[in-house]
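> Attaching a predicted model along with its sequence, questions to come.
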Amino acid sequence: MGEWITVGSADEVPEGEATPFAVGDAEIAVARSNGTLYAFSDICTHRGCNLANGGEVEGSTIECECHGSVFDMGTGAVIQGPATEPIATFGVAEDGGQLKVEA
């Protein structure tokens, strides 16, 4: 198990959107969809585009705006290419109005 790190305020992640956070050397996105929080690598495994900036959140998936790869935000699995490698996922929790990521 990793360490829980406070990355920001819970209100920085509106419903239906993803917000990027720097956690040490990692670029992690946190998304909120249908009331559920997801934390995952903000870097698309296809060409290295940022998922949170312009990515479209729908249900439990996010679509990269660069080339249309779709990832499951809960598991990291590729739902639709051109990406072939999954993204990393992380534990995430809201605690007293703060967002915490397990990294």
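Alright, I've got the coordinates. Residues are numbered from 1 along each chain as shown.

> For the rest of this, base every contact and every neighbour count on C-alpha atoms.
Will do.

> Flag every buried residue along stretch 45-60.
45-46, 49-52, 55-58, 60 (16 or more other Cα atoms under 10 Å).

> For Met73, state which of those is nearest.
Proximity of the buried residues of stretch 45-60 to Met73 was ranked by Cα to Cα; the top entry is Ser60 with 5.6 Å.

> Relative to Glu3, how far out is that closest one?
24 Å (Cα to Cα, to the nearest Å).

> Also Gln98?
From Gln98 over to Glu3 the distance is 15 Å, taken as Cα to Cα.

> Please identify which of these two sits among more neighbours.
When neighbours are counted by other Cα atoms under 10 Å, Gln98 and Glu3 differ, and Gln98 comes out ahead with 14 against 10.

> the strands in this protein, which residues?
Using DSSP state E, the strands found in the chain span residues 4-9, 17-23, 26-33, 36-41, 56-58, 61-63, 70-72, 78-80, 89-95, 98-102.

> Need those strands in CSV (columns: mean pLDDT).
Shown next, in CSV, are the strands of the chain (pLDDT from 0 to 100):
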stretch, mean pLDDT
strand 4-9, 94
strand 17-23, 94
strand 26-33, 95
strand 36-41, 97
strand 56-58, 96
strand 61-63, 98
strand 70-72, 98
strand 78-80, 97
strand 89-95, 95
strand 98-102, 95
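
> Which positions in stretch 4-13 come out as buried?
Counting neighbours by 16+ other Cα under 10 Å, one finds that the buried residues in stretch 4-13 are 6-7, 10, 13.

> With distance to Ala26 added, can I get these in JSON lines?
JSON lines is the format used below for the buried residues of stretch 4-13 (distance: Cα to Cα, whole Å):
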{"residue": "Thr6", "distance to Ala26": "14"}
{"residue": "Val7", "distance to Ala26": "12"}
{"residue": "Ala10", "distance to Ala26": "19"}
{"residue": "Val13", "distance to Ala26": "18"}
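
> residues touching the closest residue to His46 other than its chain neighbours, list them.
Ranked by Cα to Cα, 6 or more residues apart in numbering and with sequence neighbours excluded, the top spatial neighbour of His46 is Ala83, at 4.5 Å. Under the criterion of Cα atoms under 8 Å, 6 or more residues apart in numbering, the neighbours of Ala83 are 44-46, 69.
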